[in-house]
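**Q** Just to be clear, the model below is a prediction. Sequence and coordinates:
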Amino acid sequence: MAIYLDNNSTTRVDPKVVERMLPFLSENYGNASSETHEYGRVAANAVSEARAQVAALLNCQPKSILFTSGATEANNIAILGVMRASAKGKHFIVNAAEHKAVLDPASRLTKEGYQVTVLPVDRYGSVNADDVKNAIRPDTALVSVMHANNEIGTINAIFDIARICKRAGVLFHTDATQTVGKVPIDLSDGSIDLLSLSAHKLYGPKGIGALFVRPGSPKIQIEPLVEGGGHERRIRSGTLPVHQIVGLGAACFLCQNSMPAEAARISGLRELLRSELNERVAGMQFNGHPENRIPGNLHISIAGANDEAVMMKLRNQLAISSGSLHQLPTWKVQQFAE
Ligand code: PMP
């Protein structure tokens, strides 16, 4: 098998996570809502423990964590759910470098009569906090800026941007799918209102994620995308996938302990790869921010080389992905921009 270098796309489930999940696929099969019997209570307790583990990693209250099917759903709930429930206005601010799981809900909003401003990013893929400040209007209800870019690894100054939004009375959402479990995130200052994450990027299972919704006042209003049994504070109905939730909780617990050492180890390997490539391959260009970047990301361009051809040639040796900001669908930017 090729060497796996595609961890921004997905990670291997940690064997300790699998071990924690297995009993909830066999003997512990209760419904976490059926607390009238022991089976249900075991499931409910496991869900509570996992919620606390996710919250501990983010230094927030367990009740602020809502389980979803992944970051795509968390982003959709944050953007569509908040905008549709907003009494403040119909204006949403996003930027051109977001994942499709943010850009597509933004596109959906424009079809529903909302106004969307798409901010540019600089050559490192960073969003400028002043651009956000200048784009805020009296009818702006929500701003969404990803924590780190999934392709080039650049980390945005989300806490600065969140504070600008707070001062302006605008809600702030961040897609932190690429940073949770990789860099420390502390939500205790209340500046970030909504945050999306996904288990399969941090050695947990696919198909489970969470949306952090800041507790306290003013209460964040969210219109559910799915109606049903009223699970997850009526925001995300559906019988809880206990094994998946346990997996997410276990992955968060493991990351919390290993994060500092892992970040140093992985960024060390990244720098070794960078210097070896630089020495051996002519025309090598490294993309993304030189310092403000996630530990495990190296994004390269090679002058004169076609990315598909390079990947095809290496496919038996290296499992890597292509894609970059200059390939962003520019029509979207034009279509959204005012
Ligand atoms: N946002 C970002 C930044 C991502 O990298 C991904 C996964 N590629 C997603 C959202 C979607 O996550 P999920 O697979 O959990 O829906």
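**A** Here it is on my side, so go on.

**Q** switch to C-alpha atoms for all contacts and neighbour counts from now on
**A** Fine.

**Q** The ligand contacts on this protein?
**A** S9, G70, A71, T72, H99, A101, N149, N150, D175, T177, Q178, S198 (Cα under 6 Å from any ligand atom).

**Q** residues contacting the fourth one?
**A** Applying Cα atoms under 8 Å, 6 or more residues apart in numbering, one finds that T72 lies in contact with A101, V102.

**Q** Among the residues of the chain next to the ligand, which are located in helices?
**A** A71, T72, A101 (DSSP state H).

**Q** now those residues in TSV, with distance to P290 and pLDDT?
**A** Shown next, in TSV, are those (distance: Cα to Cα, whole Å; pLDDT from 0 to 100):
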residue	distance to P290	pLDDT
A71	26	98
T72	28	98
A101	26	97
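
**Q** Now list the buried members of the residues of the chain next to the ligand.
**A** When the residues of the chain next to the ligand are checked for burial by 16 or more other Cα atoms under 10 Å, the buried set is G70, A71, T72, H99, A101, N149, N150, D175, T177, Q178, S198.

**Q** ok so, going back, find the pair from the residues of the chain next to the ligand with maximum spatial separation.
**A** The largest separation in the residues of the chain next to the ligand, counting by Cα to Cα, is between G70 and N149 at 16.9 Å.

**Q** Spit out the contact partners of the closest residue to T10 other than its chain neighbours.
**A** Excluding the flanking residues, the one nearest T10 by Cα to Cα, 6 or more residues apart in numbering is K201, at 5.2 Å. Contacts for K201 (Cα under 8 Å, 6+ apart) come out as N7, N8, S9, T10, T11, T177, Q178.

**Q** Using a markdown table, lay out the buried ones among the residues of the chain next to the ligand together with distance to K313.
**A** A markdown table is the format used below for those (distance: Cα to Cα, whole Å):
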| residue | distance to K313 |
| --- | --- |
| G70 | 33 |
| A71 | 32 |
| T72 | 32 |
| H99 | 27 |
| A101 | 30 |
| N149 | 26 |
| N150 | 24 |
| D175 | 33 |
| T177 | 30 |
| Q178 | 28 |
| S198 | 31 |
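
**Q** and which of those residues is nearest to V246?
**A** V246 lies nearest to S198 out of these, by Cα to Cα, at 13.2 Å.

**Q** packing partners for the host helix or strand of G247?
**A** Using DSSP states H and E, the element containing G247 is helix 242-280. Under the contact criterion of 3 or more Cα pairs under 8 Å, 6 or more residues apart in numbering; DSSP states H and E, helix 242-280 touches helix 15-21, helix 38-58.

**Q** which of the ones you listed is buried the deepest?
**A** Highest mean neighbour count among the helices and strands packed on helix 242-280 (mean count of other Cα atoms under 10 Å): helix 38-58, with a mean of 20.

**Q** can you map out the strands along the stretch 1-150 of the chain?
**A** 3-4, 65-68, 91-95, 115-119, 140-144 (DSSP state E, counting those that start in this stretch).

**Q** Let me have those strands in TSV, adding mean neighbour count and mean pLDDT as columns.
**A** Converted to TSV, these look like this (neighbours: other Cα atoms under 10 Å; pLDDT from 0 to 100):
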stretch	mean neighbour count	mean pLDDT
strand 3-4	12	94
strand 65-68	25	98
strand 91-95	23	98
strand 115-119	22	97
strand 140-144	25	98
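
**Q** what's the nearest residue to L22 if we skip its chain neighbours?
**A** L22 sits nearest to H243 (Cα to Cα, 6+ apart), 7.2 Å away.

**Q** tell me the contacts of that neighbour?
**A** Neighbours of H243 in contact, by Cα under 8 Å, 6+ apart: M21, L22, P23, F24, L25.

**Q** same thing with H173?
**A** H173 touches A78, L142, V143, S144, V145, I192, D193, L194, L195, S196, counting by Cα under 8 Å, 6+ apart.
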